[in-house]
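[1] Generate coordinates for the sequence data below:
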Amino acid sequence: MATTSAEIVKLEGEVRHFKATLAKYQQMFSRDGTITATEAKHINDVKTIIGKVSARLATAKAKISPNVSDPAVTDRAERVARESSELGVSDATITDNIKYEYKEIVANLFATGHGDDNEIHPNDVKQGYLGDCYFLAAIQAIAQSNPAALKKLIKDNGDGTYDITLYVHKYFISWNRKPVIITVNATVPVAEGGTRPIYAGVGDQELWVLLLEKAYAQYKGDYGDIEGGYASKAMGVLLGENGDTFSTRALSDEDLAAKIQGALDGRQAITASSNTKTKKTESVIVDGQLIYYSHAYNLLKFEGGIVYLQNPHGRNHVQLSVSDFKRYYRIIAIQ
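    Numbering: from 1, shown residues only. Model (predicted):
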């Protein structure tokens, strides 16, 4: 047991080391705004090493905790839960021992589906088994307020690849975001033996949402590295400037209603983050509606004194009075 414990400590150190190397490469290679094929290979080589060392780490941990079916998944879920509590935003959906493989998704880049008034529409977002609700809710909000801004982030290269522009902090200490181009393809994780993506879905049989998600994950390191975050910062990744955040409880009902209405009237993106979940309470039923805690929503509209919230899951949307909205949602972000 002692040998296994020492091995775990050693492997954990190696994972941290290679993740730090990956972050350094990403920062260094993105300084000129593009990542070349050679640079991408260096990044992918480090990712491969991280994957192999992580697998050895999971095997070592399994020897200590044989009842845990997938220690790597458990560790990640615990990390996300811890970070979510600190951030106040995460997601109700965490990958739970899903077997997957990578497949190319064949679909249109954009499509105008049933009920859409634009080929980029908030209802195109269908979150999967990844705790990036903050990122997808921000996408929904911007798709509602400024769809053209999202469309110009995505360039079809005509060869099965896409150049995605994201706005990032190129240096560890940096106030301003700078554009960087991430080249991706439409090959993403799908359930083993299936064809449907396990993370962001294809909406009306279109790729744009899953390409944005993949580009962000590729820039950060991997899909697991984009779990848990701030919707306000996700707005910055997509628009170049972070959203402003406001505590709902610091405002009167009237002032909160006026701020929401003003943002919507001004065609601004606005998201809402629900109360932080606890070990005992992960969700609540209000007037027959399921509200996930530690979850980000797109604030779709405000009408007749009712706040309409769109869930990035693509279901379980919520309608609340302003007073109930304040009771169950802590933060709004506006950009």
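[2] how many other residues sit next to Leu150?
    20 (other C-beta atoms under 10 Å). (Each C-beta comes from the backbone N, C-alpha and C, glycine too.)
[3] Next one: it from Lys326, what distance?
    Using C-beta to C-beta, to the nearest Å, Leu150 is found at 30 Å from Lys326.
[4] In terms of helices and strands, where is Ala143?
    helix 133-145 (DSSP states H and E).
[5] buried ones in that helix?
    133-145 (16 or more other C-beta atoms under 10 Å).
[6] Make a markdown table from these and add pLDDT and distance to Ile270 to it.
    As requested, the buried residues of helix 133-145 are arranged in a markdown table below (pLDDT from 0 to 100; distance: C-beta to C-beta, whole Å):
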| residue | pLDDT | distance to Ile270 |
| --- | --- | --- |
| Cys133 | 97 | 15 |
| Tyr134 | 98 | 13 |
| Phe135 | 98 | 15 |
| Leu136 | 98 | 15 |
| Ala137 | 98 | 10 |
| Ala138 | 98 | 10 |
| Ile139 | 98 | 13 |
| Gln140 | 98 | 10 |
| Ala141 | 98 | 6 |
| Ile142 | 98 | 10 |
| Ala143 | 98 | 12 |
| Gln144 | 97 | 9 |
| Ser145 | 97 | 8 |
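[7] Switch those residues over to JSON lines; also include distance to Ala231.
    Shown next, in JSON lines, are those (distance: C-beta to C-beta, whole Å):
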{"residue": "Cys133", "distance to Ala231": "8"}
{"residue": "Tyr134", "distance to Ala231": "4"}
{"residue": "Phe135", "distance to Ala231": "8"}
{"residue": "Leu136", "distance to Ala231": "9"}
{"residue": "Ala137", "distance to Ala231": "5"}
{"residue": "Ala138", "distance to Ala231": "5"}
{"residue": "Ile139", "distance to Ala231": "10"}
{"residue": "Gln140", "distance to Ala231": "10"}
{"residue": "Ala141", "distance to Ala231": "8"}
{"residue": "Ile142", "distance to Ala231": "11"}
{"residue": "Ala143", "distance to Ala231": "14"}
{"residue": "Gln144", "distance to Ala231": "13"}
{"residue": "Ser145", "distance to Ala231": "13"}
